[in-house]
Structures are given as C-alpha cells and as structure tokens.
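1. When you get a sec, could you give me coordinates for this:
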Amino acid sequence: MKKISTILFLLISGLLFSQSEAPTTTLKESKIISLVYSVDSVEELKTINWDDVKEIFNRNENKDESIVLGFKVKSDTNDSEPKFKHSVEVKGKMSDLDGTIEITRKMIKVIEKL
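-> Below is the predicted model of the structure:
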C-alpha cells in the first residue's frame, strides 16, 4: 500500500508541475518601412486604396523613419522568370507620408501615359 501511495503521489505531483505556463513573448513594436505593389497591368494601379497605405505606415511609432513606397508592372512575356516593364520606388519620411503618396500618384499617372 505504501508503494502504491508513493507512486500515486509522484504521478499527481508530476502532472501538477507539468501544467505550469510556458513563458510567452509579446510584440511591442512593428516597423513597416517598405511597401511595393506588383501588378500585371497599369490599370491595376488605379485600384490602390491610399487610405489603407496610410493606415499601414501609420502603425510605425518612429515618425522620422525613412519609408519606401513603390510598384512594379509585369511585362507580358511567357518566360519562367518574371520581368518587369515598369518599376518605380519613391523614398520619403514617415512624417511626410502624404507627400510621398502624392509623388507616387504622379508617377503612376506618368506610367499610364507611356
């Protein structure tokens, strides 16, 4: 009886201590510094929701951070490697996000005319 109660005690204590919580990590900050759209045609660039772009970058806490906003238009080739007809990247500061978006919009208009 003594052996059974000792084994039962060890099993119960082992089960109780194995149920302890594992340490978890928390993400305090996310930093998005680059957003590049890759599209099949220039017409797809007209569908970009600029409010969503602002929301993505506004999650950054550091407003002095440099950001890159760009797009790539794929060419119409059947090769195995993707080739791009047009590719533009606009660099700016988080504090001037609206200006960076405005320059990107102007670049899209130039590409549409080509």
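2. Could you look up the SS state of the most centrally placed residue in the chain?
-> With distances taken as C-alpha atoms, centre = their mean, I32 lies nearest the centre of the chain, 6.3 Å away. I32 carries the three-state label coil when classified by DSSP: H, G, I helix; E, B strand; the rest coil.
3. my read: it touches N62, true?
-> No - using C-beta atoms under 8 Å, I32 is not in contact with N62; the gap is 11.1 Å. Heads up, the C-betas are built off the backbone N, CA and C, glycines and all.
4. residue boundaries of the helices in this protein?
-> Applying DSSP state H to the chain gives helices spanning 2-18, 50-58, 97-113.
5. Adding mean neighbour count and distance to V68 as columns, could you present these in CSV?
-> What follows is the helices of the chain, written out as CSV (neighbours: other C-beta atoms under 10 Å; distance: least, C-beta to C-beta, whole Å):
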stretch, mean neighbour count, distance to V68
helix 2-18, 9, 48
helix 50-58, 13, 10
helix 97-113, 15, 9
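6. Of all those helices, which one is nearest K72?
-> Proximity to K72, assessed across the helices of the chain by C-beta to C-beta, is greatest for helix 97-113 (10.6 Å).
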